[in-house]
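Q: Predicted model and sequence below, questions to follow.
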Amino acid sequence: AVARRLHCKRRRFFIMSADANEECANCGKAAVDDVKLKKCACKLVQYCSIDCQKDHRPKHKKACKKQMGEIRDKTIFSQPDISHFGDCPICLLPLPVGLGKWMLNSCCSKRICIGCDYTNKLREVEQRLQQKCPFCREPVRKTDEEIEQDEMKRVHLHWTR
């Protein structure tokens with residue numbers, strides 16, 4: 001059964017099929033069992049064949065580029081509203097979910113986003129400063145033994161509370 005919905009356009013009501021976009025953008029061939037439509041990369045239109053896509057390209061190119069730009073911007077520049085990792089304590093943006101996009105400092109156990117870590121390292125190199133944690137400003141631990149000592153110190157403090 002084809003789902004139907006009621007639309008209002010300039011106070012005139014008409015019934016529009018939910019499957020109205022299930023046709024080729026070039027030739028108008030409807031999607032049925034033997035004809036499968038393939039979506040354009042922008043997901044605005046569908047085509048029954050490569051030839052129809054090539055024929056329709058000059059008409060659709062501008063809208064397609066605009067939609068693809070919006071999709072790209074949304075993908076690249078979107079920040080999650082919330083992250084189960086919490087927020088970066090420096091820039092206060094939600095920490096990205098992907099591995100390698102944040103780091104855990106061994107000195108203070110704070111998760112810092114890669115952007116804040118990069119900015120701190122760049123500042124240290126430009127000003128020829130000693131490498132320090134971007135959050136607590138403790139010198140960066142060089143060896144695994146120093147890192148392990150920091151971890152054990154935190155464990156001891158936790159258990160003595």
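A: Sure, I can see it. All values derive from a computational prediction rather than experimental measurement.
Q: C107 - nearest residue in space that isn't next to it in sequence?
A: Nearest non-adjacent residue to C107, counting by Cβ to Cβ, 6 or more residues apart in numbering: E138, 4.2 Å away. (C-beta placed from N, C-alpha, C; glycine too.)
Q: and if you look at K132?
A: Closest to K132 by Cβ to Cβ, 6+ apart is P139, at 5.7 Å.
Q: Now do the contacts for the residue nearest to C107.
A: By Cβ atoms under 8 Å, 6 or more residues apart in numbering, the contact set of E138 is 107-108, 132.
Q: Going by distance to E148, which of those wins?
A: Nearest to E148, judged by Cβ to Cβ, of those is C107 at 12.3 Å.
Q: Run through the neighbouring helices and strands of the one helix or strand V155 maps to.
A: Element membership for V155, per DSSP states H and E: helix 144-160. Applying 3 or more Cβ pairs under 8 Å, 6 or more residues apart in numbering; DSSP states H and E, one finds that helix 144-160 contacts no other helix or strand.
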